[in-house]
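Colleague: the following comprises the amino acid sequence and a computationally predicted model.
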Amino acid sequence: MITAADFDFLRGFLKDRSGLDLGPEKRYLARSRLRPLCEDAGLRSLGDLIGKLRAGEDGGLADAVVVAMATHETMFFRDRLPFEAMRDSILPGLLARRAASRRLRIWSAAASTGQEAYSVAIILHEMRARLDGWRVELLGTDISPAAIARARDGTYSAFEVQRGLPVRYLLEHFTKEGSDWRIAEHLRSAVTFGPLNLLQDFGRLGTFDLILCRNLAIYLDPPTKSALFARLASALARDGALCLGASETVLGYTGAFVPDPDHRGFFVHGPEGTERPTRSAHMGTAG
Amino acid sequence: MKHALVVDDSAVIRKVACRIMEGLALRTSEAEDGEQALMACRREMPDVILLDWNMPVMDGHEFLRALRKMPGGKSPKVVFCTTENDVACIARAMHAGADEYVMKPFDRETMTAKLQEVGMI
């Protein structure tokens, strides 16, 4: 049970920490996702947990609450079509435009347990003949250190490994370890994973040619969404592409991006001088 | 509307698979084993077959061999759906002429992706 006052506090806490917009109807979600955390922390109730957050007694608890409340749903080649577009058009286009530098940087910004980044790695592996002599960087980040640890390890249950993954890729790129499946070293070494809260500064990461930030913005409140898009725009090469989730758009949140008319789910920089968000952006007190 | 034949000796699996496929705008029919499935294919060749491995009377492999020898039997896409999950089993199924492979348990997303992979949706 979580009281209305505690739930209101939790909503504000999550908005400040991660931009997560937990709707008033999601009280059940707080109960189901935080109860295991209470048990792990030896707390008797959700009220005790919220009490510790209110008192600022951290010890990693605040981060654990944010991670527990985030949605980590992911799968290989999720929604399929964006990955076909990457393979058939987006990446070949980038390769043509980067022929002089022979350098390609791709970022899976909300990587969860790694399936998205490894899906891109599989596509790049299939393009390896064209990438000979190239310097390709593939980065995967997520707010959850536990998710990143799993991504680095690259081990998935039979249930996880077949969600979206054609069986030919399973046979080609995975080995069975007990009842689980581990992605092959040639793909594990192709991706660098690291923890990152997207509300924190990510300017140090540099500029990318392709950014995937899929199925994160739908959970953010409008100002946080606007601010995130503006910052992603600054991390994307002028002729690069941003890939969002199937139900996400930039429209109404930023003028920095416009939909790519040729590729559904992809967005490119808007005309010069339109980088300012169309709604005021407030980052809160990002932790 | 494309036609899916679900072949499994478990009524629960058949029910769940049919419900998922009907939600994806496929017409479904059911068979409890390989023999029933062969009869169903003689009556009307489906577009896709979701095929269990271990079944009484005629197992999935025997059915697949017989299917591929039937007139028109090379056309249906065959998706094995089984608890057998060793690399050797998967490779054997693919070598025998399956088009995709689902390890039980599965969910809607898994089934959707596999049906997309074989061009059914």
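Modeller: Perfect, I can see it now.

Colleague: switch to C-alpha atoms for all contacts and neighbour counts from now on
Modeller: Fine.

Colleague: quick one: pLDDT of A:L244?
Modeller: Here, the pLDDT recorded for A:L244 equals 98.

Colleague: setting aside sequence neighbours, what's the nearest residue to the residue in chain B that chain A sits nearest to?
Modeller: At 4.5 Å from chain A, B:T110 is the closest residue in chain B, using C-alpha to the nearest C-alpha. Excluding the flanking residues, the one nearest B:T110 by C-alpha to C-alpha, 6 or more residues apart in numbering or on different chains is A:R163, at 4.5 Å.

Colleague: how about the one you found, what does it touch?
Modeller: Neighbouring residues of A:R163 by C-alpha atoms under 8 Å, 6 or more residues apart in numbering or on different chains: A:75-76, B:109-110, B:113.

Colleague: and those residues as TSV, adding neighbour count and distance to A:R31?
Modeller: Putting the contacts of A:R163 into TSV (neighbours: other C-alpha atoms under 10 Å in any protein chain shown; distance: C-alpha to C-alpha, whole Å) gives the following:
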residue	neighbour count	distance to A:R31
A:M75	21	25
A:F76	23	29
B:E109	16	26
B:T110	23	28
B:A113	23	31
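
Colleague: quick one: which of the residues you listed is nearest to A:E39?
Modeller: Each of the contacts of A:R163 was scored against A:E39 by C-alpha to C-alpha, and A:M75 proved nearest at 28.4 Å.

Colleague: just grab the bridge partners of residue 103 for me.
Modeller: You didn't say which chain, so I picked chain A. A:R135 (DSSP bridges).

Colleague: try again with chain B
Modeller: Counting by DSSP bridges, the residues bridging with B:M103 are B:T82.

Colleague: for B:K114, see how far away it is.
Modeller: Using C-alpha to C-alpha, to the nearest Å, B:M103 is found at 11 Å from B:K114.

Colleague: when the two are compared, which one has more neighbours?
Modeller: Higher neighbour count among B:M103 and B:K114: B:K114, with 24 against 19, using other C-alpha atoms under 10 Å in any protein chain shown.

Colleague: quick one: which of the contacts of A:R163 sit in strands?
Modeller: With strands taken from DSSP state E, there is no overlap with the contacts of A:R163.

Colleague: follow-up on the earlier one: give me the pLDDT for the residue of chain B closest to chain A.
Modeller: 93.

Colleague: can you pull out the strands in the chain?
Modeller: You didn't pick a chain, so chain A it is. A:103-108, A:135-142, A:155-157, A:174-177, A:180-183, A:192-195, A:208-212, A:236-243, A:257-259, A:266-269.

Colleague: other chain: chain B
Modeller: B:3-7, B:27-31, B:48-51, B:77-82, B:100-103.

Colleague: would a markdown table of those with distance to A:R31 and mean pLDDT be doable?
Modeller: Output for those, formatted as a markdown table (distance: least, C-alpha to C-alpha, whole Å; pLDDT from 0 to 100):
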| stretch | distance to A:R31 | mean pLDDT |
| --- | --- | --- |
| strand B:3-7 | 38 | 98 |
| strand B:27-31 | 39 | 98 |
| strand B:48-51 | 38 | 98 |
| strand B:77-82 | 35 | 97 |
| strand B:100-103 | 32 | 96 |
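
Colleague: tell me which of those sits nearest to A:A233.
Modeller: The nearest among these, by C-alpha to C-alpha, is strand B:100-103 at 39.3 Å.

Colleague: so which elements touch that closest one?
Modeller: strand B:77-82, helix B:87-95, helix B:108-117 (3 or more C-alpha pairs under 8 Å, 6 or more residues apart in numbering or on different chains; DSSP states H and E).

Colleague: just the CA trace of that strand, in PDB.
Modeller: Extracted in PDB, the C-alpha atoms of strand B:100-103 (Å, rounded to 0.1, in the frame of the first residue of the first chain):
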ATOM      1  CA  GLU B 100      11.900 -20.300 -38.200                       C
ATOM      2  CA  TYR B 101      12.100 -21.600 -34.700                       C
ATOM      3  CA  VAL B 102      10.300 -20.600 -31.500                       C
ATOM      4  CA  MET B 103      11.400 -21.900 -28.100                       C
END
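
Colleague: give me the contacts around it.
Modeller: A:158-159, A:162, A:166-167, B:78-85, B:90, B:93-94, B:110-111, B:114, B:117-118.

Colleague: for the helices and strands packed on strand B:100-103, which one ends up most surrounded?
Modeller: Comparing these on average neighbours per residue, with mean count of other C-alpha atoms under 10 Å in any protein chain shown, the densest one is strand B:77-82 at a mean of 24.

Colleague: tell me the pLDDT of whichever residue of chain A sits closest to chain B.
Modeller: Nearest residue of chain A to chain B, counting by C-alpha to the nearest C-alpha: A:R163, 4.5 Å away. What the model reports as pLDDT for A:R163 is 90.

Colleague: look up phi and psi at it.
Modeller: phi -70, psi 100 (degrees, to the nearest 10).
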